[in-house]
Each structure stands twice: as structure tokens, then as C-alpha cells.
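Enquirer: take this sequence and fold it.
(chains A, B, C and D)
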Protein chains: 2
Amino acid sequence: MVLIMLQLKDLPTPDVLAKFAIRYPDADVTAVSSVLQLLRVATDLSIALDACLSKHGLLQGRWWVLILLMREDDKTSQPSILADKAGVTRATMTGLLDGLEQSGLIARVFAKEDRRTVLINLTDAGVKKLDSVMPDYYRRIRRCMQGLDEEQRQQLQKILALINLGIPALT
Amino acid sequence: MVLIMLQLKDLPTPDVLAKFAIRYPDADVTAVSSVLQLLRVATDLSIALDACLSKHGLLQGRWWVLILLMREDDKTSQPSILADKAGVTRATMTGLLDGLEQSGLIARVFAKEDRRTVLINLTDAGVKKLDSVMPDYYRRIRRCMQGLDEEQRQQLQKILALINLGIPALT
DNA sequence: TTGACTTAGTTAGCTAGCTAACTATAATGG
DNA sequence: CCATTATAGTTAGCTAGCTAACTAAGTCAA
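Expert: Reported below is the predicted structural model:
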């Protein structure tokens, strides 16, 4: 997964927003500030999680591939399926798998029935790597979210679902 | 601003999360799913906004620089200040300004009092460009957020502020 | 006043995404 | 049953971030 946006260190103050709202009357001030804050917090979260992964020698893209493989009962999948699930192109997946194969965390096996397809297998080393990363990762998420009670988490998910509904209106 | 993360097309279903929670008892299921959904929605939002900007021939980084300049009363700033406000390195800002200068949207002027500093000025063409982009951008944000009433927007901002407080605990 | 340090900006080279073009294999239909 | 089309994966080259190293200019203190 890869979200691209500026870090927005300098969110507009209410008076800056008001000034822009005068010049551009279409501006919905609370909508804009909500969206910007959402992007800002998500960016900071993503950067912090990246830092956690890099301590374990992983990058977000590669780590996500390991998780997708771990979800499979036989710890096996295919590049095209992994690309769809991770939301990257097949070309990008080729690169991610190259890195993981070099580190010995996955193995490429050619399929017998269809010689076009490659089976991607999570190796024992890959399982071991995830087993060392995930507890740390989950502990950090827990600590980060401990200020929110169960009701607030549900509110957040509901609100995010509403925003998600509105995203098609953007394009 | 640039947020980096996978697209997470395939968020874990509750039963996948539960399976992982058994293997990794530190997992806080509602915390993890909230964080992942937050990253997912923010990613989709960011991609949709990028698409909007690219229709106007802009990229997010460059557009953000124009906005920062528009906020200044004299429509002028410096590369280092812009870099800090945008949350990018000075090297990155050099590249962004190169592109904007080539398009004629900003101009570099050497300062007289300190010959190290370069003054960045938003040109008339830059103002015109923003005046054509911002109304469209604001209209889209409005439409995207129209499903949320004022109370929900406040709830969102409050919850995001709480998460933001927890982010230092991640590192 | 000159040598060491600081600051502003740029350049060079790295990364991990992307698209487009390619090879190899399989499926299909006239 | 062979020509066309579709599918799986890879390669090549682009982009916009990054870090590290650099130049040029200003500051400060012995």
C-alpha cells in the first residue's frame, strides 16, 4: 500500500482558511479542515509505522506481502493475486518479491499445471520474521490507540465509512 | 505533503484479524482495524485529490507550494521556509521550485541584503492557476464531505487529535 | 582579520512506486 | 488445427520523494 501526499506540516489556521473562503466562496471550511487533518494524521501514522518496520529491516510494501501470504492456509499465493490484494501493479509486485526472495523470506516455485504462473511461498524464515515483527507492531498500535475508548473507535469507523462513500464524488 | 503507504485494497476481515490475534496475543483488534481503515480512507482521498489536481496540470507537491505562497500577504517566501511548512527537505523543495519556475508559476529573485537567500514570488500566472484550481478543489471536498453533519465533523477532529497524541508512543 | 562555524541553496545518486512494452504460455474459434 | 486473443510475469525507463555531500555567503571570536 502506498499513499502519496505532502506532510502538511503547516495546516491552515482558522483565519487563513477564512481568508481563502472569501476568495473562493465554494470553500466549506469545516470540510476542508477535517480532510486536511485526516490526511495529516494518517501521514504521521504511516511514517511512524514505517519507522517501526524499518527497525526490523522491513519496508511497508514487503511487509504487507508477508502478511498476505501468512493469511493463506498453505502460505502460498501468486504475484498477480498479491498485487491485486496489495493494490499495486504487477510490475511493482515483481520488485517487492525480488527483494523478499533475496532476503530468503519467500520462495518462487514454478507451477506445473500452468507454466505461466509462479507460486509464491512464505518460507520458514519469512514466518519467523513476521513472528518477530507483528507483536512489536501490534503493541505499538495498541499504545497509539489507547486514548480512544470502544465507542470512539466505532464512531471513527462509522465516520470513515461515510467519507469513503463520498470519495467517488471527488472524481 | 507526501504520505507513503500501501493501498491496502484487502483489509483483513474480522475472522482474519481474529486468527492473527490468536497467533499474536498483543493484537488489539479494534485498534488495528481502526488504524488500517484510517490509512485506507486517507490513501483513497489522497489519490482522488491528486487526480483532481492533475486535471489542472498540477502535482500535489507543487500545488501545495502555490498555496503556501498565496497565504503570504506579499505572495513571497523563501525555499527553506517553504520546505519547513510543506514538511519536505530543502533538496525536494529545490526540485518543486524548478518545476514551478519552468511553468512560470513562481519566480526566483535573489535577495539584496543576504545574497545566500532566494526570494520565491508567486507570479500573476501562479495566482491565476490557483484561482482556476481552488474552486474546483473546494467543490470536490464539499461534495465528498456532504454526508457528514457538523457534529460528526467535530467528532472526527476530536478523535484524530486523540490519535495524534498517541503517535509519539509509536516510535 | 583570519580561521572555524553556521546557514541557504543546489547537485548527485538512491528508493519504491508507476506505465508501457515485452516474452512465454494458454485458451478459443473459424 | 492454426491464427488470434488473453493471461502471467518481467524488464526498461519515468517520477518525486529522500540523504549526503557540496558551494557560496554570512557570523563570530581569538
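Enquirer: domain ranges for chain A?
Expert: Domain segmentation of chain A under automatic domain parsing yields A:10-55, A:58-166.
Enquirer: how about those in JSON lines, adding mean pLDDT?
Expert: JSON lines is the format used below for those (pLDDT from 0 to 100):
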{"stretch": "domain A:10-55", "mean pLDDT": "88"}
{"stretch": "domain A:58-166", "mean pLDDT": "94"}
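Enquirer: so which of those domains gets nearest DNA strand C?
Expert: With distances scored as CB to the nearest atom of the strand, the stretch of the domains of chain A nearest to DNA strand C is domain A:58-166 (2.3 Å). Quick note: C-beta positions are derived from backbone N, CA and C, even for glycine.
Enquirer: what's the separation between the residue in chain A sticking out farthest from the centre and chain B?
Expert: In chain A, the residue that sits farthest from the middle, by CA atoms, centre = their mean, is A:I22; the gap is 36.5 Å. For A:I22, the distance to chain B (CB to the nearest CB, to the nearest Å) stands at 12 Å.
Enquirer: got it, and A:G61?
Expert: 6 Å.
Enquirer: could you do A:R115 as well?
Expert: For A:R115, the distance to chain B - CB to the nearest CB - is 27 Å.
Enquirer: what about that residue, how many residues close to it?
Expert: 8 (other CB atoms under 10 Å in any protein chain shown).
Enquirer: all the helices of chain A, residue numbers only.
Expert: A:14-23, A:29-55, A:60-71, A:79-86, A:90-102, A:124-145, A:150-166 (DSSP state H).
Enquirer: winner for burial among the ones you listed?
Expert: helix A:60-71 (a mean of 21; mean count of other CB atoms under 10 Å in any protein chain shown).
Enquirer: near DNA strand D at all, that helix?
Expert: No. Helix A:60-71 lies out of reach of DNA strand D by CB under 7 Å from any atom of the strand, never closer than 11.8 Å.
Enquirer: point out the residues in chain A that sit beside DNA strand C.
Expert: So chain A meets DNA strand C at A:2, A:59-61, A:87-89, A:91-92, A:95-96, A:99, A:114-116 (CB under 7 Å from any atom of the strand).
Enquirer: which among those residues gets closest to B:D73?
Expert: Sorting the residues of chain A next to DNA strand C by distance to B:D73 puts A:V2 at the head of the list, at 37.1 Å, by CB to CB.
Enquirer: dump the domains of chain A to CSV, plus distance to B:N121.
Expert: Output for the domains of chain A, formatted as CSV (distance: least, CB to CB, whole Å):
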stretch, distance to B:N121
domain A:10-55, 18
domain A:58-166, 36
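Enquirer: out of the ones you listed, nearest to B:T30?
Expert: Nearest of the domains of chain A (CB to CB): domain A:58-166, 4.8 Å.
Enquirer: distance from the closest one to the middle of the chain?
Expert: Distance of domain A:58-166 from its chain centroid, counting by CA atoms, centre = their mean, to the nearest Å, is 9 Å.
Enquirer: how long is it from one end to the other?
Expert: Separation of the first and last residues of domain A:58-166 by CA to CA, to the nearest Å is 34 Å.
Enquirer: if we can go back for a sec, which two of the residues of chain A next to DNA strand C have the greatest separation?
Expert: Comparing every pair within the residues of chain A next to DNA strand C by CB to CB identifies A:Q60 and A:R115 as the most remote, at 32.1 Å.
Enquirer: neighbours of A:D114, how many?
Expert: Neighbour number of A:D114 under other CB under 10 Å is 9.
Enquirer: from A:D74, how far off is it?
Expert: 17 Å (CB to CB, to the nearest Å).
Enquirer: wait, which of the helices of chain A is closest to B:Q78?
Expert: helix A:14-23 (18.5 Å).
Enquirer: elements contacting the closest one?
Expert: Contact analysis of helix A:14-23 by 3 or more CB pairs under 8 Å, 6 or more residues apart in numbering or on different chains; DSSP states H and E lists helix A:29-55, helix B:60-71, helix B:124-145 as its packing neighbours.
Enquirer: one more time with 7 Å, if that's ok
Expert: Applying 3 or more CB pairs under 7 Å, 6 or more residues apart in numbering or on different chains; DSSP states H and E, we find helix A:14-23 packed against helix A:29-55.
Enquirer: now the helix it packs on against helix B:150-166, angle please.
Expert: Computed by axes from the mean of the first three to the mean of the last three CA atoms, to 10 degrees, the angle separating helix A:29-55 from helix B:150-166 equals 30 degrees.
Enquirer: does chain B have contacts with helix A:29-55?
Expert: Yes. On the criterion CB under 7 Å from any CB of the partner chain, helix A:29-55 is in touch with chain B at A:30-32, A:34-35, A:37-39, A:41-46, A:48-52.
Enquirer: does that helix reach DNA strand D?
Expert: No. Helix A:29-55 lies out of reach of DNA strand D by CB under 7 Å from any atom of the strand, never closer than 9.7 Å.
Enquirer: check the offset of that helix from the chain's centre.
Expert: The answer for helix A:29-55 is 11 Å, by CA atoms, centre = their mean.
Enquirer: and what of stretch A:56-68?
Expert: On CA atoms, centre = their mean, the centre of stretch A:56-68 falls 10 Å from the chain's centre.
Enquirer: which residues touch A:G166?
Expert: B:143-147 (CB atoms under 7 Å, 6 or more residues apart in numbering or on different chains).
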